[in-house]
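*Asks:* got a sequence here, can you model it:
(chains A and B)
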Protein chains: 2
Amino acid sequence: MYVDVGNALASAANPGVPEDALERLDDRVADAHDRIAAGMDADEFGYAALNLPETADADAIEAAVEPFADSETLLTVGIGGSALGAATLTEAVGGDIDAHVLDNVDPEHVEDLLADVDLSETAVHVVSRSGTTAETLANFLVVREAMAEAGVDWTDRTFVTTGPEGNLRDLADEHDLPALDVPEGVPGRFSALSTVALPAAALAGADVHEILAGGRDGMDALAGSLFDCPAYAYGATAYALDVRGAGVNAMMPYAEGLETFAEWFAQLWAESLGKDGLGQTPARALGATDQHSQLQLYRAGPRDKLVTLVRPRERADRGIPDSDLDGLDYLAGNTLGGLLDAEFEATEASLAESGVPSVRVEIPRLDERALGRLLFDFEAACVLAGELYGVETFTQPAVEWGKDAARGLLRGDEALPEKTELGVGDANDST
Amino acid sequence: MYVDVGNALASAANPGVPEDALERLDDRVADAHDRIAAGMDADEFGYAALNLPETADADAIEAAVEPFADSETLLTVGIGGSALGAATLTEAVGGDIDAHVLDNVDPEHVEDLLADVDLSETAVHVVSRSGTTAETLANFLVVREAMAEAGVDWTDRTFVTTGPEGNLRDLADEHDLPALDVPEGVPGRFSALSTVALPAAALAGADVHEILAGGRDGMDALAGSLFDCPAYAYGATAYALDVRGAGVNAMMPYAEGLETFAEWFAQLWAESLGKDGLGQTPARALGATDQHSQLQLYRAGPRDKLVTLVRPRERADRGIPDSDLDGLDYLAGNTLGGLLDAEFEATEASLAESGVPSVRVEIPRLDERALGRLLFDFEAACVLAGELYGVETFTQPAVEWGKDAARGLLRGDEALPEKTELGVGDANDST
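*Replies:* All right, here's what the predicted structure looks like:
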């Protein structure tokens, strides 16, 4: 992975980071790196995620999915970190299977999806560390019922990734389902390079060994200076920009295959760093599409944004056919990829022209190895940023209140605090 | 549409809007409404969009798509406002056709999509006001070539929506393609209720008359006070929160069918209001999924957010099967929809509990009429907000620089300004 932070320097942007401030920050990066390396060595909670490229067992994952290798469809039943890694991998480097994620409990969507697939040709991967996640278990129960209704033996079509105890573990034991262990000490949003997401990649035809090799490239590239380590260059620059006013980080990959990567990044960044009143707000975008949607705001709106531009350097391409259409002479002899690259560079330059900071991230191409590296490096960037902010990177305490409240509502034994109301329109309109 | 801004008041949130400040703001809302009404009366540029529910011709749209009624697949070729309306409508109330949008020039994605569909059963709708949009025309040329390669007569499978002159108009004339006129005086992002997006809805089996009827409900509900008009209640509250520090507007519908609506909203809000250093930054989210991704940040991160919660009051539901799974007693006898509603209310309460402002938007159900109303009301909210900010709501001048630069690059006759570089990693790595 290559990171260019030139357009985030104070000489190029406002807010921007003075180059000498980056040099001073590098002392803190060195300390943070020591802390991270020590955490990795001790397999401490959270830091253990950065060891996954070495600790994940690709062979065991391939063996677990082997019985489902001929499936037409894969349903990953999980939510948050138990779903986004799988969705990111299958979108970017999958393709051999029709992969879906059931990560919401919208009844109409669930019904539509179940009606659309041939359940007898569907592999179901249920992912929940605790085995008690409400959305995941509710969806699993519905899928199981739908299979029974369709005359499909769910125990032939299901495998799980879960912790050492709980409902899913018990079910797996009882019905002899293939069961993978969630990695110990790894929060869900850091679990893409593990038994949580790699099974989906394997079923989609991706080379899991290569994904992990890419992660190891990232491990090897960790170093005690942001000027020597692309991941830290990214994390430190994002942090330094945030404290100078760039509270929004717009993640804008120029590749359709990385659209879900931006969503994965949004969870990683928001849930890890959004604490104690701190944290950069991720905004998802997609190049070139969102040039026609968000770029106006990025260039001319409030000066509170870092735009992260990501692209593969090479891709399979397709020529744009010649035509005699008016005003399109400049497309002649070009390719779709050439047009996309021109848009990338023009957008980067247009942000610089208006003084909006951007960072350029490049990977060689969108393949397994580069993707493994990309995911690892953004995780390392996030861990570094967490050290610089001084927050508890690996927890998510603020979501518990709502989970408890939802359970209380469903039990009917707890009411919510009274709501402040100021309604406009017909509160009872049902037409 | 029903809007409840109670949780955005200063008595409930920080930042929050004091109720008397909202009352003072209402004088400006009354003036803005006069301005909007006058603009609508005169069919002025931009304001004309709010007349579309009356000026759009549903019969003409239905007639134009009739030759394609038996298609398996619809490809909408457009970008930005020429794509997002169609995607929003077909996702929310379509379903009778396999609808895709070609709104990016990623060659791998375009190839995959073209390989996946039966082009002889595909309707192609090309949308560009000028007929010169680079991405749209490049994709159209590729689709046309792919049809020729597949032995399909593209002139049998293609219809256009475009302006009175230009390439697409000429092509339509030459090959006798069905051609619809883009509405006059309507910027792309305000064109969902027109010939730009409604053809896709019609082909997807939605009732276009009902969508427009919903828009007319919105027109009828416009009134000179935010306390009487849900659309203005939303727009005024979002504005009032932004100027008090809520620079991010997280749009979080609780319905998978509204996931693209959040994207449509993001364009509407960003491109209309992101000017002169002003404008709220839209962040796209989805309930309940993003409770496990973004809620930690919303509750515990910087106090710079408004969370907009949207839900249909009724939906087709599915019971959660009984089970003896541990710790899930509270799911017994409940439904997926009941779980989703409990999560909605718990999230709203959890935001209030931590003093984060939210607005609740409710529609009766996710059908054509309610969707037409929802889109119209958010457009009206946006126009009102633009009046309150005092920006040029209907233009997007900041995107032109990049378009010119990309064309220059492709022509090879213009170079970009020199880039400030600070690269970390291997700039030439291609492995």
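
*Asks:* quickly find the element holding residue A:385.
*Replies:* Using DSSP states H and E, residue A:385 falls within helix A:368-389.

*Asks:* quick check: chain neighbours aside, which residue is closest to the residue in the stretch 51-200 of chain A positioned nearest to chain B?
*Replies:* Chain B sits closest to residue A:80 of the stretch 51-200 of chain A, with a gap of 2.8 Å, by C-beta to the nearest C-beta. To be clear about C-beta, it is placed using only N, CA and C from the backbone, and glycine gets the same treatment. Closest residue to residue A:80 apart from its sequence neighbours, by C-beta to C-beta, 6 or more residues apart in numbering or on different chains: residue B:292 at 2.8 Å.

*Asks:* tell me the pLDDT of that neighbour.
*Replies:* On pLDDT, residue B:292 comes in at 94.

*Asks:* ok, now the one 4 residues further on?
*Replies:* Reading off the per-residue confidence, residue B:296 sits at a pLDDT of 98.

*Asks:* do whichever strand or helix holds it and chain A meet?
*Replies:* Here residue B:296, judged by DSSP H and E, is contained in helix B:295-300. Yes - Helix B:295-300 comes into contact with chain A (C-beta under 8 Å from any C-beta of the partner chain), by way of B:295-300.

*Asks:* using PDB, write out every CA atom in that helix.
*Replies:* Provided in PDB are the C-alpha atoms of helix B:295-300 (Å, rounded to 0.1, in the frame of the first residue of the first chain):
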ATOM      1  CA  LEU B 295     -24.300   4.600  17.000                       C
ATOM      2  CA  GLN B 296     -21.200   4.500  19.300                       C
ATOM      3  CA  LEU B 297     -19.900   7.600  17.500                       C
ATOM      4  CA  TYR B 298     -23.300   9.300  17.400                       C
ATOM      5  CA  ARG B 299     -23.800   8.900  21.200                       C
ATOM      6  CA  ALA B 300     -20.200   9.300  22.500                       C
END
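
*Asks:* next secondary structure after that helix?
*Replies:* Using DSSP H and E, the helix or strand that follows helix B:295-300 in sequence is strand B:305-314.

*Asks:* need the contact list for the most centrally placed residue in chain A.
*Replies:* Centroid-nearest residue in chain A: residue A:264, 1.4 Å away (criterion: C-alpha atoms, centre = their mean). Residue A:264 makes contacts with A:84-85, A:87-88, A:192, A:375, as judged by C-beta atoms under 8 Å, 6 or more residues apart in numbering or on different chains.

*Asks:* do you know how far it is from residue B:293?
*Replies:* 9 Å (C-beta to C-beta, to the nearest Å).

*Asks:* can you list residues touching both of these two?
*Replies:* residue A:84.

*Asks:* the residue nearest to the centre of chain A falls within a helix, correct?
*Replies:* Yes - under DSSP: H, G, I helix; E, B strand; the rest coil, residue A:264 sits within a helix.

*Asks:* for residue A:62, which non-adjacent residue is closest in space?
*Replies:* That would be residue A:202: by C-beta to C-beta, 6+ apart, it lies 5.5 Å from residue A:62.

*Asks:* could you do residue A:214 as well?
*Replies:* Using C-beta to C-beta, 6+ apart, the nearest residue to residue A:214 is residue A:372, at 2.6 Å.

*Asks:* and the stretch 1-150 of chain A, which of its residues are near chain B?
*Replies:* A:1-7, A:9, A:11-12, A:19, A:79-81, A:83-84, A:95, A:103-112, A:131-132, A:134-135, A:137-139, A:141-142, A:144-145.

*Asks:* ok, 6 Å please
*Replies:* Contact residues (C-beta under 6 Å from any C-beta of the partner chain) of the stretch 1-150 of chain A with chain B: A:1-7, A:9, A:12, A:79-80, A:103-109, A:111, A:132, A:137-138, A:141, A:145.
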